[in-house]
Structure formats: structure tokens, C-alpha cells
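**Q** Generate a structure from the sequence data that follows.
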Amino acid sequence: MMKSMMMNTTMKNTMVKKKSKPQRKCVGCNEMKDKSQLIRIAKISDDEFVFDKTGKQNGRGAYICKSKECLEKAFRNKGFERSFKCKISTEIYNGLEQEIQAYEA
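**A** Modelled structure (predicted):
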């Protein structure tokens, strides 16, 4: 009995738990990726969207890859409109495109 208890405690000590990284889905390509590989876009008010570099900004958020192709896919498949539950104008998409180009550079 004592031997089995000692064996259980040594097994617990040797097992290492791997900490999982948070996963989010890109609204453009619909792939699950690590949160650190994506950019969060937050909707602050009815018509104000910002790039959230910290990931902690107030407001509803949507994630996108750091590529122009994913932004174009999100525009075509209306990924942001589904995430934010509102219509998004082309001016906002143009502003997001300029921000993505700054990330790529």
C-alpha cells in the first residue's frame, strides 16, 4: 500500500503540464492560429474601429492575420460585418488596409 502511494506521488512530480496558448480564428481565412500571430481589431463605438496592439482594448474584437490577402478575404466574405454585427463602409476597410501595410513593412 505504501509503495503504491509513493509511486503515485513520484509520477505526479515527473508529469509536466504544457501551458496552451490561446487560439483565435482569423475572419479572413477562417484558420485557428495563436493569438500572438493575429491582429485584433476592436469596435469602440458605432463607426470607430481601431487596431488593438495590446489585445485588451474595450469593445467587441475580431482577429485577422497580418497579411493583406486575409483582409481582402474578410472584405469579400463579410467576415468583419459578421463579427461586429453591423455594416462596414469601404472607407473603414481602406483605413484597415493602410494599417495592415504598416504591419507588413
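
**Q** what residues does the helix or strand where residue 98 lies touch?
**A** Taking DSSP states H and E as the criterion, residue 98 maps to helix 90-104. Contacts to helix 90-104, defined as CB atoms under 8 Å, 6 or more residues apart in numbering, come from residues 39, 41, 47, 49, 51, 64, 66-68, 71, 75. Where you see a C-beta, it was placed from the backbone N, CA and C, and this is true even at glycine.

**Q** before we move on, what about stretch 25-39?
**A** Identification of contacts with stretch 25-39 by CB under 8 Å, 6+ apart yields 21-24, 51-52, 55, 62-67, 69-74, 77, 79-80, 82-83, 100, 103.

**Q** what's the answer for stretch 75-86, then?
**A** Contacts to stretch 75-86, defined as CB under 8 Å, 6+ apart, come from residues 27-28, 30, 41, 43, 46, 49, 60, 62, 64, 73-74, 87-88, 93.

**Q** how about low-confidence regions in the chain?
**A** Along the chain, segments meeting pLDDT under 70 span 1-15, 105.

**Q** could you point out the longest strand in it?
**A** In the chain, assigned by DSSP state E, the strand with the most residues is strand 38-45.

**Q** After that one, which helix or strand is next?
**A** Following strand 38-45 in sequence order, the next helix or strand is strand 48-52 (DSSP H and E).

**Q** Next, the buried residues of that next one.
**A** By neighbour count with 16 or more other CB atoms under 10 Å, strand 48-52 contains the buried residues 49, 51-52.
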